[in-house]
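> below is the sequence, then the predicted model.
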Amino acid sequence: MPDALTTDLPTIDWVARADQIGQQIAADALRHDADDSFVEEGFRALKAAGFFKALVPAELGGAGADYRMICDAIRRLATHCGSTALAFSMHSHLVAVPAWRWRHEQAPVEGMLKRVAHEDLVLISSGGSDWLPSNGQAMKVEGGFRVTAKKVFSSGCEMGDLLVTSAIHDDPDKGPTVLHFAVPFKAEGVKRLDTWHVMGMRGTGSHDVMLEDVFVPDAAIVARREPGKWHMLFHHIFVLAFPLVYAAYVGVAEGARGRALDIARRKPGSHALTAMAGRMENAFMAAEMSLDRMIRIAETEAPGPARTSRAAIAHTLTAKAAIETVERAMELVGGGSFYRDLGLERAFRDVQGARFHPLQELPQMELSGRLALGLGIDA
């Protein structure tokens, strides 16, 4: 089994920092939700506090933050602003994966990690839209590729420096091949589209990004794989990314739980009230337990299909329990939860996003069922 993901610098309490930032930006979160605008204040505060380079190993110029503590910090931040927490989690997993690979596999990712630390880069993921199949076209040209693609769910792209993405090259020898690379947002042909007008997590700025004939040099290609098939890179991504991502949803649920309890304690006591509170507590503990299991799997288990399946199961359970917690919080408060000013209505909309990250429940059950039956991970 691998060692702990990193060694935290004991002088930095990332959770306390996240809580302080969350309190500062809580009022802004209401405005960003109302007008579909990006949580710029939250990102700037996180950058000033060193969060974007927190998971870079100290040996490479980062803070060497502990993986679990950053999960906890994202969760705490989300009790105040789910959008800031979720958008930051997307950057965080793009650092956590190469940091793990550098430490445990001696992967040649040192250059990128050093750049994140020294240039304080914000990395933007398109993985939620690409996943195993990827999309877009990469045409071979002298010295590299020309890429044309539309990438959706690019959270935080309004302040992004690099888009970490992929496209499909029709290799004359190997056939369709997914190429993984990063492109600067300043590169010619990269364009942000104003498309993020949605139900919840409105402040994440998860707009589409268009790549139009963007040149990607050969040296920028960091991985190649067969489309639609599980690759070891994706075993790393799935297990390391989603504890960070789902910490944001559990944080949203935790914030809703806290507000509901504050209101319910001022109500006249009744058996119905206490039963509703107890039902919410059950759901919230389920969310906490399944998130903790996701984190422990990432921290302690060896990569591969079995670990991925266990993480995927915990992923589904975390999502369902976080959603149920917010629903129970609204029941506990009653009709007042329908009003926007209480914040429960926003939490209800925000937490719905937990349904849609890969792997969704039915694909997860198919994957876990195949492995349980000895059929292998790929259909």
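Structure received.
> and Ala107, backbone torsions?
phi -70, psi 150 (degrees, to the nearest 10).
> can you count the residues close to the residue nearest to it when sequence neighbours are not counted?
With sequence-adjacent residues excluded and distances taken as Cβ to Cβ, 6 or more residues apart in numbering, Ala107 is closest to Arg101, at 3.7 Å. (C-beta placed from N, C-alpha, C; glycine too.) Neighbours of Arg101 under the rule other Cβ atoms under 10 Å: 19.
> packing partners for the helix or strand where Arg101 lies?
Here Arg101 sits within helix 82-105, counting by DSSP states H and E. Where contact means 3 or more Cβ pairs under 8 Å, 6 or more residues apart in numbering; DSSP states H and E, helix 82-105 is packed against helix 14-35, helix 40-48, helix 67-78, helix 110-119, strand 123-125, helix 232-264, helix 344-351.
> tabulate those (CSV), appending mean neighbour count and distance to Glu281.
Output for those, formatted as CSV (neighbours: other Cβ atoms under 10 Å; distance: least, Cβ to Cβ, whole Å):
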stretch, mean neighbour count, distance to Glu281
helix 14-35, 18, 22
helix 40-48, 19, 29
helix 67-78, 25, 17
helix 110-119, 18, 39
strand 123-125, 26, 34
helix 232-264, 24, 8
helix 344-351, 25, 16
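> and these: which comes nearest His197?
Using Cβ to Cβ as the measure, helix 14-35 is the one of the helices and strands packed on helix 82-105 that comes nearest His197, at 10.4 Å.
> by how many degrees do the closest one and helix 67-78 diverge?
When axes from the mean of the first three to the mean of the last three Cα atoms, to 10 degrees is applied, the directions of helix 14-35 and helix 67-78 differ by 40 degrees.
> what residues does helix 14-35 touch?
Defining contact as Cβ atoms under 8 Å, 6 or more residues apart in numbering, one finds that helix 14-35 is touched by 8, 37-39, 41-42, 45-46, 49, 51, 54, 65, 69-70, 72-74, 76-84, 202-203, 346.
> that older thread, for the helix holding Arg101, buried residues please.
Within helix 82-105, the residues scored as buried using 16 or more other Cβ atoms under 10 Å are 82-103.
> ok, stretch 206-224 next?
By neighbour count on 16+ other Cβ under 10 Å, the buried set for stretch 206-224 is 206-211, 214, 216, 221-222.
> tell me which of the residues you listed fall in helices.
With DSSP state H as the criterion, helices contain none of the buried residues of stretch 206-224.
> so which of those residues would you say is closest to Phe284?
Ser206 (26.3 Å).
> now that closest one: closest residue in space that isn't a chain neighbour?
Ser155 (4.3 Å).
> could you do Ser126 as well?
Nearest to Ser126 is Lys151, by Cβ to Cβ, 6+ apart, at 3.8 Å.
> ok, what's across the strand from that neighbour?
When bridges are called by DSSP bridges, Lys151 pairs up with Val209.
> give the buried residues for the lowest-mean-pLDDT helix or strand in the chain.
When each helix and strand of the chain is scored by mean pLDDT, DSSP states H and E, helix 127-130 comes last, with a mean of 78. Neighbour counts over helix 127-130 (16+ other Cβ under 10 Å) mark 127-130 as buried.
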